[in-house]
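# Here is a sequence with its predicted model. Questions after.
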Amino acid sequence: MILSPVQYENGILQILDQTVLPWEERYLTLKTKEDVWDAIHSLKVRGAPAIGIAAWFGLFMLAKSINARGPVDFAKQFHELKEYLATSRPTAVNLFWAMDRMEKSLSKTLVALAEPPSKVWETIQPLVIERLYQEAEAIRSEDEAACKAMGEYGLSLLKPGMGLLTHCNAGTIATARYGTSLAPIYLGHERGYNFKVYAGETRPLMQGARLTSWELHKAGIDVTLICDNMASMVMKNGWVDAVLVGCDRMAANGDGANKIGTSGLAILAKEYGIPFYMFVPTSTIDLTTKAGEDIFVECRPGEEVTNKWFEKEMAPKGVPVYNPAFDVTDHRYITAVITEKGIVRPPFEQGLADLFKDGHVNGLVK
């Protein structure tokens, strides 16, 4: 099963609208900067890698419409577009990483094309646009390869017949392909591992119920949906052998920000002696952030809790609602961090830093 959350073909950028799943599989065409911003902000496209992919191709698409007097003006307008899109999801580090990489690629291209000086901007601009497309496509391909690698590393930690608990959605519709924390489930399914998956519903936006259970069921994987507050019972019953979750931003010490409710699962898993694995693309690791307490946590509208999935408001009118989109799991509750470059075990600080050293070879990081 191949599900693509972001498609760019023949000059048209489309995203799978995840706000209408599982009732409808609908792709939306994005034409303006406001379209791209809203798609990311309103969770029509979601999942750290998929957000990055939407931003990459969104920037490329918007760059084609820039009417610039020259390379300096083009770079200025490109930077303004980047800064605007960056306000859509302030916690998702992939968003900033992706757009920074695109801007750096643009800078290198403009420098390289500055010679010979006789070239006029009208000649240079199509080459600049083509180079931006090549960079966006390269990043998408790299994400697909990274997800496959995370799946292989994650699968090495699992055994056939295991019960696995997931939270939110870190599957193929949140990435270029395969997913992050769901990647070993897909690979295991292909190889006859017969995993039993328990998908937490993930209140208040129900990504586990609407998205994870939908895509796993669609792929023919044995999946059972549970309410978030049933996780302890399922663990106590002995049905869970490992917890697999994604990550939206990881600090240098191994603290990981992920969908709200993740930290509670990590604490429960520790209590029951169950391994807790966090799947973290290196693009999601932020070594400039020392610890989880330094990660900005986005708060979303209270209506998502009281109104979104109900015919009638499910709380007294006017009652205050606290609705953080993420929480931060302390590194001491994480058994291992699985990246596309290897498996990092505690203590995390040195292991995570080693991932970024020149010449690092994929493999187990002690």
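Right, received. Where do you want to start?
# give the contact list for the residue nearest the centre of the chain.
Closest to where the C-alpha atoms of the chain average out (C-alpha atoms, centre = their mean) is residue 48, at 1.8 Å. Neighbour list for residue 48: 92-95, 174, 180, 246-249, 281, 283-284 [criterion: C-beta atoms under 8 Å, 6 or more residues apart in numbering]. No exception for glycine: its C-beta is placed from N, CA and C like everyone else's.
# what's the answer for residue 270, then?
Residue 270 neighbours (C-beta under 8 Å, 6+ apart): 276, 333.
# Quick check: what element follows the lengthiest helix in the chain along the chain?
Under DSSP state H, the helix in the chain containing the largest number of residues is helix 121-155. Next along the chain after helix 121-155, taking DSSP states H and E as the criterion, comes strand 163-166.
# Give me the sheet partners of that next one and which way each runs.
strand 196-200 (parallel), strand 242-245 (parallel) (DSSP bridges).
# Neighbours of residue 130, how many?
Neighbour count of residue 130, defined by other C-beta atoms under 10 Å: 12.
# Offset the numbering so it begins at 621, please.
Sounds good: first residue 621 from here, last item residue 750.
# quick one: pLDDT of it?
Here the pLDDT value assigned to residue 750 is 92.
# List the buried residues in the longest helix of the chain.
744-745, 748-749, 751-753, 755-756, 759-760, 763-764, 766-771, 773-775 (16 or more other C-beta atoms under 10 Å).
# so what secondary structure elements neighbour it?
helix 668-683, helix 691-706, helix 713-732, helix 803-810, strand 896-899, strand 956-959 (3 or more C-beta pairs under 8 Å, 6 or more residues apart in numbering; DSSP states H and E).
# which residues are contacting the longest one?
Translated: helix 713-732. With contacts defined as C-beta under 8 Å, 6+ apart, helix 713-732 is touched by 660, 668-669, 671-673, 675-676, 679-680, 691, 694-695, 698-699, 702, 705-706, 708-709, 747-748, 751-752, 755-756, 759, 868-869, 901, 903-904, 906.
# how long is stretch 640-649 end to end?
15 Å (C-alpha to C-alpha, to the nearest Å).
# Report the mean confidence score over it.
Per-residue scores along stretch 640-649 average to 93.
# Dihedrals phi and psi, residue 962?
phi 140, psi -180 (degrees, to the nearest 10).
# swap in residue 854?
Backbone dihedrals for residue 854, given as degrees, to the nearest 10, come out at phi -60, psi -40.
# send the alpha carbons of stretch 909-928 over as CSV?
Extracted C-alpha coordinates of stretch 909-928, given in CSV (Å, rounded to 0.1, in the frame of the first residue of the first chain):
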residue,chain,number,x,y,z
THR,A,909,18.0,22.9,22.3
LYS,A,910,19.7,21.6,25.5
ALA,A,911,16.7,20.0,27.2
GLY,A,912,12.9,19.4,26.9
GLU,A,913,12.1,22.3,29.1
ASP,A,914,13.5,24.6,26.4
ILE,A,915,11.1,23.3,23.7
PHE,A,916,8.2,25.6,22.9
VAL,A,917,4.9,23.7,23.1
GLU,A,918,2.1,25.0,20.9
CYS,A,919,-1.3,25.4,22.4
ARG,A,920,-4.3,25.0,20.1
PRO,A,921,-7.9,26.2,20.3
GLY,A,922,-10.1,24.9,23.1
GLU,A,923,-12.8,24.0,20.5
GLU,A,924,-10.8,21.0,19.5
VAL,A,925,-11.5,19.5,22.9
THR,A,926,-15.1,20.6,23.4
ASN,A,927,-16.7,20.7,19.9
LYS,A,928,-14.7,19.2,17.1
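# Please enumerate the strands of the stretch 821-970 of the chain.
843-846, 862-865, 869-871, 876-879, 896-899, 905-906, 946-949, 956-959, 962-964 (DSSP state E, counting those that start in this stretch).
# Surely residue 874 touches residue 955?
No. The pair residue 874 and residue 955 does not pass the contact test of C-beta atoms under 8 Å, sitting 11.0 Å apart.
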